[in-house]
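# The sequence isn't on hand, but the structure is:
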């Protein structure tokens with residue numbers, strides 16, 4: 001006969017595998033379950049993004065290459081950051097809406113994707129100006145969107161360097177001062193900003 005008291009205590013100390021607690025019908029809040037749930041959510045976000053972007057390309061590559069690059073950069077910031085990274089362009093570049101994101105991934109993720117979505121405008125200059133003004137006001141838990149934005153720019157600039165795309169690299173460099181002023185938050189993702197500073201040839205000590 002199973003000693004439930006012992007099982008519960010050992011489960012709390014994480015000496016019992018997840019499957020045992022599942023078979024006994026117990027609620028297990030161990031790291032194993034959390035990791036499994038996180039992996040599922042990340043996969044769900046990636047599958048959703050790939051389906052939404054359809055045949056869209058990132059240069060000559062599938063768009064998923066860019067999404068995966070951004071998600072890889074923000075991996076140290078956790079599951080939610082990776083989900084936002086995978087979804088960061090779906091409202092801006094596909095038929096998906098913020099409401100779609102909220103229904104599937106929750107309010108915080110949806111708000112972050114909205115922050116990352118360019119505001120409307122007839123030119124890049126107008127769109128970016130309005131978008132950076134929006135980002136400059138972000139605070140609290142939504143600053144996670146700014147981590148993703150910095151990672152997105154880093155991923156883009158790395159590709160520019162790799163492909164020797166001087167036109168796009170100069171464009172990013174010309175925007176960098178206002179971009180940094182709007183998106184940077186002290187001690188939020190310093191390593192990413194150090195890499196961006198280096199790529200733009202600027203120093204912020």
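The structure has been received and is ready for your questions. These numbers come from a predicted model, not from an experiment. Residues are numbered from 1 along each chain as shown.
# Next up, identify which helix or strand the most centrally placed residue in the chain is on.
With distances taken as CA atoms, centre = their mean, the residue of the chain nearest its centroid is residue 85 (2.2 Å). Element membership for residue 85, per DSSP states H and E: helix 79-87.
# how about the following helix or strand past that helix: buried residues?
Moving toward the C-terminus from helix 79-87, the first helix or strand encountered (DSSP H and E) is helix 90-93. Neighbour-count burial for helix 90-93, counted by 16 or more other CB atoms under 10 Å, picks out 90-91. C-beta: built from backbone N, CA, C; applies to glycine.
# Report how many residues lie close to residue 163.
If you count neighbours by other CB atoms under 10 Å, residue 163 ends up with 12.
# Against residue 125, how distant is it?
As judged by CB to CB, to the nearest Å, residue 163 and residue 125 stand 24 Å apart.
# average pLDDT across stretch 72-86?
Summarised as a single mean, pLDDT over stretch 72-86 is 98.
# Next, the distance between the ends of it.
10 Å (CA to CA, to the nearest Å).
# so how far is that stretch off the chain centroid?
In terms of CA atoms, centre = their mean, to the nearest Å, the centre of stretch 72-86 is found 4 Å from the chain centre.
# Buried residues, that stretch. List them.
73-74, 77, 79-86.
# likewise stretch 101-115?
Using 16+ other CB under 10 Å as the test for burial, stretch 101-115 gives 101-102, 105, 108-115.
# what distance separates the start and the end of it?
By CA to CA, one end of stretch 101-115 lies 13 Å from the other end.
# Please apply the same query to stretch 131-143.
14 Å.
# tell me the mean pLDDT over it?
Per-region confidence: stretch 131-143 scores 98 on mean pLDDT.
# now the strands: where do they sit in this structure?
Secondary structure of the chain (DSSP state E): strands at 57-58, 61-62.
# now those strands as TSV including mean neighbour count, mean pLDDT and distance to residue 188?
Shown next, in TSV, are these (neighbours: other CB atoms under 10 Å; pLDDT from 0 to 100; distance: least, CB to CB, whole Å):
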stretch	mean neighbour count	mean pLDDT	distance to residue 188
strand 57-58	14	96	26
strand 61-62	13	96	29
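# Compare the ones you listed and give me the one nearest residue 48.
Residue 48 lies closest, by CB to CB, to one member of the strands of the chain: strand 61-62, at 15.2 Å.
# circling back: reformat the buried residues of stretch 101-115 as JSON lines; add pLDDT and distance to residue 39.
Shown next, in JSON lines, are the buried residues of stretch 101-115 (pLDDT from 0 to 100; distance: CB to CB, whole Å):
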{"residue": "101", "pLDDT": "98", "distance to residue 39": "19"}
{"residue": "102", "pLDDT": "98", "distance to residue 39": "22"}
{"residue": "105", "pLDDT": "97", "distance to residue 39": "15"}
{"residue": "108", "pLDDT": "97", "distance to residue 39": "19"}
{"residue": "109", "pLDDT": "98", "distance to residue 39": "16"}
{"residue": "110", "pLDDT": "98", "distance to residue 39": "21"}
{"residue": "111", "pLDDT": "98", "distance to residue 39": "23"}
{"residue": "112", "pLDDT": "98", "distance to residue 39": "20"}
{"residue": "113", "pLDDT": "98", "distance to residue 39": "20"}
{"residue": "114", "pLDDT": "98", "distance to residue 39": "25"}
{"residue": "115", "pLDDT": "98", "distance to residue 39": "25"}
